[in-house]
Structure formats: C-alpha cells, structure tokens
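Participant: give me coordinates for this.
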Amino acid sequence: MATETSITRHIILLCSILSATSIMAAPITLDDVSATRVEDTNRDGRGDRIIPSYLFLGNAKTPMDFHPIFVFQMKGAGSGAAISEANFAVTQTGNFGPAKFPEVDLIALRVSDHHAVLLSDYHSTGTPIMKGFAGEKGAGVELKTMDKAGSNAMTRFLQRHWKEGAYLFLTLRGGSGIQLPYDNTIANGYGFGNVDEIWNEHSTDARISITTNPQHKPKKNATTHVLLKAAGMTIHSKRQ
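Facilitator: Prediction:
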C-alpha cells in the first residue's frame with residue numbers, strides 16, 4: 001500500500017509541475033531586423049534616402065542629417081493583452097563632437113505588415129515613448145535601457161498595437177526642443193547599436209524584451225491525462 005501511495009504521489013507531483021510550467025510568465029526577446037537609417041540629404045527636415053549603414057543620429061559634419069530606424073517583428077505574445085512588461089535596450093556606441101543636443105528621445109513610429117523602412121520614418125511624429133532615453137548622461141559608450149516610466153509607456157503601446165507577425169518601427173531623435181537641421185559645423189551626434197562594421201539584418205544589439213502573463217486558467221493537457229491514467233493502471237496492477 002505504501003508503494004502504491006508513493007507512485008501516485010510522484011505522478012501527481014509531475015502533473016502539477018507540467019501544469020504550472022504551462023502558466024508561468026514567458027520571456028520574449030525581439031531582435032532588430034533592419035539596421036537601417038534614413039538620411040535628410042538636403043537638410044529640410046524630411047527623409048530623402050534610406051541606407052543600411054551605421055546607425056547615427058544627428059550630423060557627422062556632413063551635408064546631411066541622420067535618424068536611425070529599428071524594426072522588430074512582433075512574435076510570440078499572441079496578443080497585446082498577454083503582455084505585462086516591455087523594455088527596449090541598445091548600446092550607445094559614441095558621443096561625437098560631443099553632440100550639441102544632450103538628450104535623445106525614443107519614439108514608436110508605426111506598426112506595419114511590411115518590414116520596409118519608409119522615407120517618412122525620418123520625420124513622422126509617431127508616439128513618444130521615453131524622453132532622455134540616451135544622450136550625454138552616463139558614459140559615452142554604454143548599454144542604454146529604459147526607466148520605469150519608459151518601460152510602462154512601451155508596455156502600453158505594445159498592449160494597444162500588438163499584431164502577431166507584423167513589424168514595429170522605432171526611432172531615436174534629438175530631444176528637449178532640438179531644432180532641425182542639426183548643426184553640421186562640427187561632428188554633432190551619437191552612434192547606436194552596431195557591434196561591428198557589418199550592417200545587415202540582426203547586426204545591431206537593439207533588443208525588445210517582453211514578459212507575458214497567462215491569459216487563461218490551466219487546463220488538463222493530454223500529457224497530464226496520460227500520466228493520471230497510468231497512475232490508475234499502476235495501482236490496479238499492484239492490487240492484482
């Protein structure tokens with residue numbers, strides 16, 4: 001009888017573990033699939049050219065200004081209602097000049113079924129997510145992450161706009177009343193994201209980290225059913 005009880009307890013414990021595993025919060029990581037910037041070649045405040053290249057914000061003492069664009073395919077959450085927390089992070093690879101604008105703001109541009117960057121991504125208003133996300137604060141080269149307010153804003157945006165399989169477009173822009181065009185009499189900007197000098201899909205370290213919560217109470221799955229049935233068969237066999 002003791003052996004039967006022990007077997008039953010072990011199988012029930014395994015069933016409980018399987019059920020608990022199915023409802024634990026699941027982490028999701030989205031990678032930048034673009035590594036693209038939009039350039040304002042005549043410095044009129046509007047995008048003129050799209051190029052897969054170094055993700056620079058501002059002006060590098062050139063006749064054109066730059067805005068980096070980050071693109072993430074939304075996969076894994078299923079729906080916005082499942083998202084409980086979201087964060088964006090990217091390495092600031094340098095402060096060049098140093099830049100005349102001390103703050104860099106993070107902006108959500110749009111959600112689209114297509115991953116192509118548009119010229120309008122340079123200048124479209126979008127939705128402000130976090131002011132002062134990057135810039136001169138901290139070290140010139142370091143991983144930039146969101147504060148609590150920024151994370152809350154990103155979470156709300158994804159909860160409202162999540163579309164499984166679609167693409168989310170983010171950008172970084174000069175903040176705190178920046179006037180365009182950026183001053184080009186000196187190097188005046190920041191670099192982001194590229195871990196080496198290869199500019200293609202997944203070549204940056206830009207990431208969105210998402211935590212999801214269960215939306216439904218756990219149901220007895222097929223594995224649990226088989227294990228419970230096995231428990232009954234084992235006990236029946238022992239009694240015979």
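Participant: now do the strands in the protein.
Facilitator: Listed in chain order, the strands of the chain (DSSP state E) span 26-31, 36-40, 49-51, 55-60, 65-73, 83-96, 103-112, 127-135, 142-144, 167-174, 187-192, 207-212.
Participant: among those strands, which comes closest to His161?
Facilitator: strand 103-112 (5.0 Å; CB to CB). Placement of C-beta: from N, CA and C, glycine included.
Participant: so what secondary structure elements neighbour that closest one?
Facilitator: strand 127-135, helix 148-161, strand 167-174 (3 or more CB pairs under 8 Å, 6 or more residues apart in numbering; DSSP states H and E).
Participant: list the contacts for the closest residue to Leu55 other than its chain neighbours?
Facilitator: Using CB to CB, 6 or more residues apart in numbering and skipping residues adjacent in sequence, the residue nearest Leu55 is Pro68, 3.7 Å away. Contacts for Pro68 (CB atoms under 8 Å, 6 or more residues apart in numbering) come out as Thr36, Arg37, Leu55, Phe56, Leu57, Thr171, Leu172, Phe192, Gly193.
Participant: rerun that using 6 Å as the cut-off
Facilitator: Contact analysis of Pro68 by CB atoms under 6 Å, 6 or more residues apart in numbering lists Arg37, Leu55, Leu57, Leu172, Phe192.
Participant: domain assignment for the chain?
Facilitator: Per automatic domain parsing, the structural domains of the chain span 1-24+217-240, 25-213.
Participant: and the pLDDT at the residue nearest to Leu55?
Facilitator: Confidence at Pro68, expressed as pLDDT, is 95.
Participant: okay, it and Ser53: tell me how far apart.
Facilitator: 10 Å (CB to CB, to the nearest Å).
Participant: identify the contacts common to these two.
Facilitator: Counting by CB under 6 Å, 6+ apart, the residues touching both Pro68 and Ser53 are Arg37.
Participant: tell me what the residue nearest the centre of the chain is bridged to.
Facilitator: Taking CA atoms, centre = their mean, the centroid of the chain lies closest to Ile208, which sits 1.6 Å from it. Beta-bridge partners for Ile208, by DSSP bridges, are Leu30, Phe88.
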